[in-house]
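**Q** using only what follows, build the 3D model:
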Amino acid sequence: METYQTYTKAQLALRNGQDREEIWVAFQGTIYDVTSSRLWRNGKHYEHWAGQDLTEELGDAPHSERVFERFRIIGKLRL
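**A** Next comes the predicted model:
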């Protein structure tokens, strides 16, 4: 079993594609690196902003949570 580093919401917020080059989002307590996605350029994906927990917002998305399978896991969100 892999052990992941934990990050606070404040640390996640810095990975918004504006303050730093990394573009990260969280979903169900897991943080994903979406930097490589052309759909997350500049830290924005439609009306969603990077550096946030998107768990509550997935219900409005035209895709399922399986979309996160293509991205590298960075760590866990400290709740």
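**Q** okay, now the unreliable bits of this protein?
**A** Scanning the chain for pLDDT under 70 picks out 62.
**Q** could you list every helix and strand in contact with the lengthiest strand in the chain?
**A** As assigned by DSSP state E, the longest strand anywhere in the chain is strand 72-77. If you count contacts as 3 or more Cβ pairs under 8 Å, 6 or more residues apart in numbering; DSSP states H and E, strand 72-77 packs onto strand 5-7, strand 30-33. C-beta: built from backbone N, CA, C; applies to glycine.
**Q** nearest the geometric middle of this protein, what residue?
**A** The centroid of the chain falls nearest to V25 when counting by Cα atoms, centre = their mean (1.1 Å).
**Q** related to what we said a few turns ago, would you mark the buried spots in the longest strand of the chain?
**A** Across strand 72-77, burial judged by 16 or more other Cβ atoms under 10 Å covers 74-75, 77.
**Q** so who does the residue nearest to Q5 when sequence neighbours are not counted touch?
**A** Nearest non-adjacent residue to Q5, counting by Cβ to Cβ, 6 or more residues apart in numbering: G75, 4.3 Å away. By Cβ atoms under 8 Å, 6 or more residues apart in numbering, the residues touching G75 are 4-7, 30-31.
**Q** now E65
**A** Counting by Cβ under 8 Å, 6+ apart, the residues that E65 touches are 27-28, 58.
**Q** now, which of the residues you listed sits nearest E69?
**A** Nearest to E69 out of these is F27 (Cβ to Cβ; 11.0 Å).
**Q** now that closest one: how far from M1?
**A** Distance, F27 to M1, using Cβ to Cβ, to the nearest Å: 20 Å.
**Q** okay, those two: which has more neighbours?
**A** F27 (18 against 2; other Cβ atoms under 10 Å).
**Q** is it true that E21 touches T35?
**A** Yes: using Cβ atoms under 8 Å, E21 makes contact with T35 at a distance of 7.0 Å.
**Q** these two: which is more packed in?
**A** Per other Cβ under 10 Å, whichever of E21 and T35 has more neighbours is T35, with 18 against 9.
**Q** please name the nearest non-neighbouring residue to the more buried one.
**A** Counting by Cβ to Cβ, 6+ apart, the residue nearest T35 is I23, at 4.4 Å.
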